[in-house]
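K.L.:
sequence first, then the predicted structure:
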Amino acid sequence: MISGQTSSVMSDPTPIKERVGIHPSLMPYSQTGTSFSKGMYNIPIPKKKTSMLEDVLSNGWLDAMKSSSPPRKKLLKDFNVAVASDDTDFVYSSWMKKHPSALTSFEEIIDFAEGKKVAIFLDYDGTLSPIVDDPDRALMSDDMRSAVRNVAKYFPTAIISGRNRDKVCDLVGLSELHYAGSHGMDIMSPVHKLSNGHSNTNDSTDKQDKEVSLFQPATEFLPMIDEVFRTLVEKTKGIKGVNVENHKFCASVHYRNVDEKNWPTIAQLVHEVLKSFPRLRLTHGRKVLEVRPVFDWDKGKAVEFLLESLGLSKCEEVLPIFIGDDKTDEDAFRVLRNGNRGYGIIVSPIPKETKAFYSLRDTSEVKQFLEGLVQWKEQRYNSKRSTN
């Protein structure tokens with residue numbers, strides 16, 4: 001990931017559908033390349049704040065920072081202490097009744113998937129790789145990479161992350177996947193030319209003929225995010241342990257390795273910087289403050305867009321599955337839960353509020369679930385061959 005200054009990124013004044021490398025199939029909700037109408041942006045201009053610490057305290061951001069998830073190695077220990085008097089096993093089993101394990105419920109999932117086209121959407125940090133103190137060291141295992149590669153052979157598969165798209169592409173290292181960085185605001189999909197002249201985004205056999213399609217609905221915000229990134233780097237450089245990253249369409253301030261006594265200072269600095277940028281907003285993740293455009297786009301919108309662009313928008317014929325572990329994944333869980341469109345699977349070793357339907361405890365169970373999908377698909381394929 002980017003941990004220091006990067007080169008300035010300027011917006012492209014050319015309409016998105018006319019830019020080099022933009023494939024018509026990835027234009028929003030249309031196979032003909034129709035661009036968003038201006039009315040769909042609906043960008044409100046909030047009022048500027050007029051104070052620092054008062055604003056931070058009044059809007060609850062400091063409390064949110066303090067309650068942010070601890071490192072995974074402490075998560076279960078801290079939870080056990082908190083609920084020891086109420087019986088930890090009972091609390092967790094009660095939560096599991098609402099969000100049963102995707103492993104123990106696997107037969108139920110594949111029964112529902114029978115006859116449908118399955119599409120897989122995956123978060124990266126905490127889902128394919130463990131949560132670690134240094135984001136640059138959040139590496140997925142070779143076994144996990146193999147599991148994702150095999151899944152992509154049978155199902156359209158996308159990684160939707162808050163990270164910079166180029167960075168998560170490098171970390172995953174699989175060119176046949178669809179990638180959405182910056183919480184879905186920077187989407188890249190493989191387009192492969194087939195012998196009949198058509199394109200198939202699911203065919204990864206011919207890498208030499210591979211092209212990529214791009215969709216970036218918030219391009220106008222690029223100079224703004226870049227300026228905020230540079231300002232935050234300068235403002236926080238004296239705080240030990242802080243890590244400011246430029247994810248292209250959002251900027252992140254990580255405070256996982258910062259002494260808690262300095263958290264109020266970080267919150268004040270970020271809010272003060274944002275006073276000059278009323279078209280940007282602040283969101284919160286695992287020990288990170290994220291600056292994002294005031295723009296109606298999130299991981300849920302990215303899922304809808306990818307389904308539409310892949311021709312998989314008919315709910316009765318498609319089963320989307322999204323696996324993630326953080327607050328930003330809830331937008332995707334909510335989209336899938338609405339109208340029973342698909343399954344959200346939360347990755348968490350402890351109970352937490354979520355819109356996901358199923359749950360998995362950790363990355364090892366994610367890998368096991370993905371391997372199960374591959375085995376199911378291979379068995380069905382072999383069964384059809386034997387009957388023919």
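P.N.:
Ah, there it is. As the structure is a prediction and not an experimental result, all values here were calculated from the model.

K.L.:
pLDDT averaged over stretch 139-153 - what is it?
P.N.:
Here stretch 139-153 scores 97 as its mean pLDDT.

K.L.:
show me what the helix or strand containing residue 90 is packed up against.
P.N.:
When elements are assigned from DSSP states H and E, residue 90 belongs to helix 88-98. Packed against helix 88-98 by the contact rule (3 or more C-beta pairs under 8 Å, 6 or more residues apart in numbering; DSSP states H and E) you find helix 72-83. (Glycine included, C-beta is placed from N, CA and C.)

K.L.:
show me where the chain has its helices.
P.N.:
53-58, 61-66, 72-83, 88-98, 106-113, 142-154, 165-172, 222-236, 263-274, 299-309, 330-337, 363-387 (DSSP state H).

K.L.:
spatially central residue for this structure, please.
P.N.:
By C-alpha atoms, centre = their mean, the mean C-alpha position of the chain lies nearest to residue 161, the distance being 3.0 Å.

K.L.:
wait, that one sits on residue 170?
P.N.:
No - look at residue 161 against residue 170 with C-beta atoms under 8 Å: they stay out of range, at 11.9 Å.

K.L.:
where does the stretch 1-150 of the chain dip in pLDDT?
P.N.:
1-62, 64, 66-88 (pLDDT under 70).

K.L.:
per-residue confidence for residue 257?
P.N.:
Value listed for residue 257 in the pLDDT field: 91.

K.L.:
what is the burial count for it?
P.N.:
Residue 257 has 12 neighbours, counted by other C-beta atoms under 10 Å.

K.L.:
excluding covalently adjacent residues, which one is nearest to it?
P.N.:
Nearest residue to residue 257, sequence neighbours excluded (C-beta to C-beta, 6 or more residues apart in numbering): residue 241, at 3.6 Å.

K.L.:
please apply the same query to residue 112.
P.N.:
Residue 112 sits nearest to residue 319 (C-beta to C-beta, 6+ apart), 6.6 Å away.

K.L.:
let me see the contact set for that neighbour.
P.N.:
112, 113, 116, 117, 118, 119, 342, 343 (C-beta atoms under 8 Å, 6 or more residues apart in numbering).

K.L.:
kindly recompute the last result at 10 Å.
P.N.:
Contact analysis of residue 319 by C-beta atoms under 10 Å, 6 or more residues apart in numbering lists 109-110, 112-120, 155, 312, 336, 341-343.

K.L.:
name whatever forms a beta bridge with it.
P.N.:
Here residue 319 sits in beta bridges with residue 118, as judged by DSSP bridges.

K.L.:
and it, how far from residue 117?
P.N.:
Distance, residue 319 to residue 117, using C-beta to C-beta, to the nearest Å: 7 Å.

K.L.:
who touches both of those two?
P.N.:
Common neighbours of residue 319 and residue 117, counting by C-beta under 10 Å, 6+ apart, are 155, 312.

K.L.:
what's the end-to-end length of stretch 339-355?
P.N.:
13 Å (C-alpha to C-alpha, to the nearest Å).

K.L.:
what mean pLDDT does that stretch have?
P.N.:
The average pLDDT for stretch 339-355 rounds to 93.

K.L.:
next: stretch 188-201.
P.N.:
Stretch 188-201 comes out at a mean pLDDT of 52.

K.L.:
against residue 373, how distant is the spatially closest residue to residue 120 that is not a sequence neighbour?
P.N.:
Excluding the flanking residues, the one nearest residue 120 by C-beta to C-beta, 6+ apart is residue 157, at 4.5 Å. To residue 373, residue 157 is 10 Å away according to C-beta to C-beta.
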